Every structure is written in C-alpha cells, then in structure tokens.
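# predicted model follows, preceded by the sequence.
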Amino acid sequence: MTVAIRPNPPVPEARAPQKHSGPGFTEFVAIIALMMAVTAISIDNLLPAFPAIETRFSVPDPNRLQLLVYVFMTGFGVAQLAYGPISDTFGRRKVLLASLAIYVVGCGLAMVAPSFGWLLAARVIQGIGAAGGRVLSVAIVRDRFAGREMASVMSLTMMVFLIVPMIAPAIGGLMLALGSWVYVFVSMLALAFWLTVWFSLRMPETLHPEYRRPLSLGATWDAVRTTVTTRVSIGYATALGLLTGCIMGYVGSAQQVFDTGLYHLGPLFPLAFGLVAGAMGAATLINARIVRLLGMRALSHAGIIAFTLVALVQVGVGLAYHGHPPLAAFLTILAANQFLMSFALPNFNALALEPLGAIAGTASSFVGFYTTILGAFSGYVIGQAFDGTVLPVGIGYAALGGLAVLVVLWTERGRLFRGGVAG
C-alpha cells in the first residue's frame, strides 16, 4: 500500500526545549552527543590496538587492518535504512534501545573472536547496532528543532561528539596497558551501558503523534523518493558524504601515518590524533555560536571552499617533501583542514534534513545510509592507497573537497552564500 506523504507543516522557531518533558537543553545536547559518540569511540578507541590485533591474528598486510574500520562503517551505513522507517512507526525510544542491544552483542562476539574473519563479522554487527544512535540522534533533534536552531543544536552536539576522538585513542591505549586489545571492547560495553541507563531514564518519546507512519514498503519508498528528488536534500547529502570520505580516509590511515608506517610516534599517537580532533571541536563550537547570525549556507559554503584550497596546499607541501613533510607542518595543515571542514559538516546535515520534517526518521535513515556508504567507499580508496607517505590523504582531501564544491554549486544552481528563512 502506498501512503501519501503529508506536506511538511511549518515548525515554529519558538519551539523551545523547555516546553517538552524530559531533559533541559544542556542535558538534551549531552544525551544526543553520547548517542553519536558510540560510533566515534567504536572506531577511534580501537586504532591503538591495531598492532596487537595484527600480531594476535597474524594479519599478513597492515593495510588489511583498516577493514576493522570499513566493515564497521558498512554495517553502520546499510542498517540506517531500517532504523528510520521503524522509528517512524514505533517511536524513537524503543528502536534506540533495541539498537544498543545489537551493539552489545557485537561487542561480546568481538571479545571472544578466534580469528580475524570472526572479528570482522563482529565489527559488522557492532556497526549495525551503532547505526541506531546515528539515525535517531538526528531524528530526535529534528523532532524538536528546525532551521538555524537545529543547526546550532547539531553544532553543539558535534562539538561534544568530537571530544571523543581526542580521548578515545588514549582510552584504547589505557585498555591495552591494563590487559589486551579485548579490554578495548570492554570500554565500548561500558559506554553502551551508560547510554542505555541515561536514555531510558531521561529521554521521553519525541516523535510527534501526527508524524507516525505505517511500516510499509510503499510508505518507505515514498519517503525515500521525496528525499532523493528534493534537490537541497540530495545535494547536501552528497556533499556531506564526500566530506565523510575525507574523515574515513584519514581515520583509516591515521595509525599507519602517525605510528607504524611513517612518523613512529608510538605512545604519542593519541596526542597527535587528539590535536587534530580538537581543531574540529573548536570549529563546531564557533559554528554553533555564529550560525544563527550568519546562516548555514554562508558558513558551510565558505568552509568547503577554504577546505579545498588548504587541501591543495597540503598536496603541494607533501610533494615538496617527497611525501614526508615535518610532523609539525603536516599536523598544522591537517588540523586547519579539519577545522574548516567542521563549518560544513553540521550545516550540510541540517540543510539536507531541513525540508523533510514530516519524514524525519526515514529521511535521516536514507541520508545516513547514503552519506556513510559514499564516505566509507571514498575513505577505503584513500586508505588502501597508503604508500608510506602523506600524499594519498592530501590528494584525497583535495579531490573530494573539489567534488563537494561542485555538488554544492549544482545544489544552489550556481549561487553560493545566499540565505533563506532557515539558511
């Protein structure tokens, strides 16, 4: 049965968090950030354990360890297709708690893995579980906010979320010091338990009763078709996916770049990784403070153009030093790029979902699936090109950034920096 989609009614800017039951604004942002942080800690926490896993399972090619990131992202991306439609029918709370249960199963299977193949399969299951937090965090924010308010909340959420990569590798290193790589998954279980308790006690159902939709292929297809045929939504989702590819390429290569393959930082690897993540956190804080004044389009368009220009500088510096620039120069340019990228990421996400409030769950699912798969594929290409130099990361940033600029130009019909009621 095909269900027609009701037009998206206007969402008043005055819809304030305090008018809803449940957590206040600060606690709301913290819970949403923790939902998103499950993904970050599931990736970044494991990076310091790559050498130990390589030794434990006799992995012949160090580049194959990157699969621990990319198979997780594959399960994470594909599963997002399901969570949105299901949550549009049954509500956000039940579906989020079910996804956390799946995540816990994946953690448990990883802890008892007898082979590298088993570990990869467990990572897929982990990704399937973590996808619930990604989809439902965005859907819950969209349930309660719209326009520049939504962009501000997403930026604050991203700021808290980006603190995780600053500390996750250090936590992973601590777990290794306490025992073995298995303890890294213990820390992931602890995070899931904490989130389950906090969310259960404090977050009410946020899905508006009038937006509940029947669970049917027809209704889901209508919602996906609306998302794909809405120029602003598919355009900004594509640009977001390309930038996600930059992040995935960097994260997949980070352990080899900073530690075993190039700079050999050893225990200082978490510090270098955290410095770069800190630049992203600072940018999202700034974005949250000024997006209501300047608008999402102005900030994101300026950010992506500047990001691409700096990426070209990154390539030039890499070539000048034959792929091995001084660590300080590489970190400075990389941090500048991550800083600029962070003016685009939350705003692109908000712009993609802005027209789709009446189908927020399904739209968030499809956008999440699309951006994650596009990002994972692009990142895999960058990561597998690692050749002992920083050039694959720089070239990947420049290429994907340039493509993102072209996509945004197409989305806005050649007119950048123009604002609207929301943008």
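Structure's in. What do you need?

# Phe57 - nearest residue in space that isn't next to it in sequence?
If you skip the residues right next to it in sequence, Phe57 has Phe116 as its closest partner in space, 3.9 Å away by C-beta to C-beta, 6 or more residues apart in numbering. Placement of C-beta: from N, CA and C, glycine included.

# buried sites along whichever strand or helix holds Met248?
Of the helices and strands defined by DSSP states H and E, Met248 is found in helix 231-255. Buried residues in helix 231-255, defined by neighbour count with 16 or more other C-beta atoms under 10 Å: 232-255.

# who are the packing partners of that helix?
helix 67-90, helix 217-229, helix 269-294, helix 296-320, helix 327-341, helix 345-353, helix 360-384, helix 391-411 (3 or more C-beta pairs under 8 Å, 6 or more residues apart in numbering; DSSP states H and E).

# can you redo these as TSV with distance to Ser200 and mean pLDDT?
Output for the helices and strands packed on helix 231-255, formatted as TSV (distance: least, C-beta to C-beta, whole Å; pLDDT from 0 to 100):
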stretch	distance to Ser200	mean pLDDT
helix 67-90	16	90
helix 217-229	27	85
helix 269-294	27	83
helix 296-320	33	95
helix 327-341	34	94
helix 345-353	26	87
helix 360-384	20	86
helix 391-411	38	96
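
# among these, which is nearest Thr26?
Thr26 sits nearest to helix 269-294 of all the helices and strands packed on helix 231-255, at 12.7 Å, using C-beta to C-beta.

# rewinding a little: any chance of JSON lines for the helices and strands packed on helix 231-255, columns distance to Ala170?
Written out in JSON lines, the entries for those read as follows (distance: least, C-beta to C-beta, whole Å):
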{"stretch": "helix 67-90", "distance to Ala170": "18"}
{"stretch": "helix 217-229", "distance to Ala170": "38"}
{"stretch": "helix 269-294", "distance to Ala170": "4"}
{"stretch": "helix 296-320", "distance to Ala170": "26"}
{"stretch": "helix 327-341", "distance to Ala170": "17"}
{"stretch": "helix 345-353", "distance to Ala170": "23"}
{"stretch": "helix 360-384", "distance to Ala170": "22"}
{"stretch": "helix 391-411", "distance to Ala170": "22"}
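
# tell me which of those is the most buried.
When you average the neighbours per residue for each of the helices and strands packed on helix 231-255 (mean count of other C-beta atoms under 10 Å), helix 345-353 leads with a mean of 28.

# ok, now which ones touch Leu81?
In this structure, Leu81 makes contact with 365-366, 369, judged by C-beta atoms under 8 Å, 6 or more residues apart in numbering.

# for Leu309, state which of those residues is nearest.
Set against Leu309, the nearest of these by C-beta to C-beta is Phe369 (30.6 Å).

# got the contact list for the nearest residue to Tyr250 once chain neighbours are set aside?
Spatial nearest neighbour of Tyr250, excluding adjacent residues (C-beta to C-beta, 6+ apart): Val393 at 5.8 Å. When contacts are counted by C-beta under 8 Å, 6+ apart, Val393 touches 249-250, 253, 257, 314, 334, 382.

# make CSV out of the residues you listed and add distance to Ala190.
What follows is the contacts of Val393, written out as CSV (distance: C-beta to C-beta, whole Å):
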residue, distance to Ala190
Gly249, 29
Tyr250, 27
Ser253, 28
Val257, 29
Gln314, 37
Leu334, 30
Ile382, 32
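
# measure the residue nearest to Tyr250 to Phe76 for me?
Here the criterion is C-beta to C-beta, to the nearest Å. By it, Val393 lies 22 Å from Phe76.
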